[in-house]
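Peer 1: I need the structure of the sequence given here:
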Amino acid sequence: MEHIYSWIAKGGLMMWPLLLCSLVALTFILERAWAYWRAGSFHKEDLATRAWECLASLDKDGWNQWTESKCPILRLYAFYASYASHELSIREEAIKRKGDSLLAELRKNLRIIATISQVAPMLGLLGTVTGLVATFHKMQELGTKVQPSDLAGGIWEALLTTIVGMVIGILCIIAYQIFQSRVDLLARTMKTSISFLEEQRHFIYEQAESSSELASNSLSKKEPA
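Peer 2: Predicted structure coming up:
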């Protein structure tokens, strides 16, 4: 512990904002990782099929239990079921609003991680610049008594903040890209799944209409002239 504190002290004043950035970034990275883990495997291909089976069989218990699910896709299916009897334009608008709301939930705190990935390297660079200024000021005060070791020691200590800032920034960028890919996957899955449900719904209705027409034609032919 003392060794870590000594490194922080050598890095100068800017090490403390960098330490704060690392703690904040770690907190939100773990929070987002936990949230996505709780969301489950929402990209499974059989989810839309299961949803259609519940809709087609009028299994209200099947889709009502999805309302409180941690999986955002299942919550979208439950919402779709509640609007299944509405007109297409109303249903599409409602689904779009719900989808945007679910995506906003999954994007929560990602902007903070992205901000830290940009701010941390700049703070590290600022710490290095201020450290170099202090080193050259010390050289001026020492005058001809300055030793190469004094200059080298001051420079490497000043560069500590740049290293720390870049490490924090790189890790935050990696985490952000991974999380963003999950959100993009969810957005694509939402679009394709709802499209699948609409196609199945349209197909069933067309079959029902065709059966109704055939039945009416058959009855009309059986009527006596």
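Peer 1: host element of residue 20?
Peer 2: Residue 20 belongs to helix 15-39 when assigned by DSSP states H and E.
Peer 1: tell me what that helix is packed against?
Peer 2: If you count contacts as 3 or more CB pairs under 8 Å, 6 or more residues apart in numbering; DSSP states H and E, helix 15-39 packs onto helix 2-11, helix 88-106, helix 110-142, helix 148-222. For glycine as for every other residue, the C-beta is placed from the backbone atoms N, C-alpha and C.
Peer 1: Identify all contacting residues around that helix.
Peer 2: For helix 15-39, contacts defined as CB atoms under 8 Å, 6 or more residues apart in numbering pick out 8-9, 11, 70-72, 106, 108-110, 112-113, 116-117, 119-120, 123-124, 127, 160-161, 164-165, 168, 171-172, 175, 179, 182, 186.
Peer 1: one more time with 7 Å
Peer 2: Applying CB atoms under 7 Å, 6 or more residues apart in numbering, the contact partners of helix 15-39 are 8, 70-72, 109-110, 112-113, 116, 119-120, 123-124, 127, 161, 164-165, 168, 172, 175, 179, 182.
Peer 1: May I see the PyMOL selection of the buried members of the residues you listed?
Peer 2: Buried residues within these, by 16 or more other CB atoms under 10 Å, are selected in PyMOL with:
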select buried, resi 71+72+109+110+112+113+116+119+120+123+124+127+161+164+165+168+172+175+179+182
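Peer 1: on that earlier part again, give me the buried positions along the helix holding residue 20.
Peer 2: Result for helix 15-39 [16+ other CB under 10 Å]: buried residues 15, 17-18, 21-22, 24-25, 28-29, 32, 35-36, 39.
Peer 1: of these, closest to residue 194?
Peer 2: Nearest to residue 194 out of these is residue 39 (CB to CB; 17.6 Å).
Peer 1: how far away is the closest one from residue 69?
Peer 2: The span separating residue 39 from residue 69 equals 9 Å under the rule CB to CB, to the nearest Å.
Peer 1: Please apply the same query to residue 27.
Peer 2: Distance, residue 27 to residue 69, using CB to CB: 26 Å.
Peer 1: these two touch, right, residue 14 and residue 159?
Peer 2: No - Residue 14 lies out of contact with residue 159 (CB atoms under 7 Å); the separation is 11.8 Å.
Peer 1: the more surrounded of these two?
Peer 2: residue 14 (23 against 16; other CB atoms under 10 Å).
Peer 1: Nearest spatial neighbour of the more buried one, chain-adjacent residues omitted?
Peer 2: Among residues not flanking residue 14 along the chain, residue 127 sits closest, at 3.0 Å (CB to CB, 6 or more residues apart in numbering).
Peer 1: Could you list which residues are in contact with that neighbour?
Peer 2: Contact analysis of residue 127 by CB under 7 Å, 6+ apart lists 11, 12, 14, 15, 161.
Peer 1: how about JSON lines for the residues you listed, with distance to residue 190 and pLDDT added?
Peer 2: Putting the contacts of residue 127 into JSON lines (distance: CB to CB, whole Å; pLDDT from 0 to 100) gives the following:
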{"residue": "11", "distance to residue 190": "45", "pLDDT": "67"}
{"residue": "12", "distance to residue 190": "48", "pLDDT": "73"}
{"residue": "14", "distance to residue 190": "43", "pLDDT": "82"}
{"residue": "15", "distance to residue 190": "43", "pLDDT": "86"}
{"residue": "161", "distance to residue 190": "43", "pLDDT": "87"}
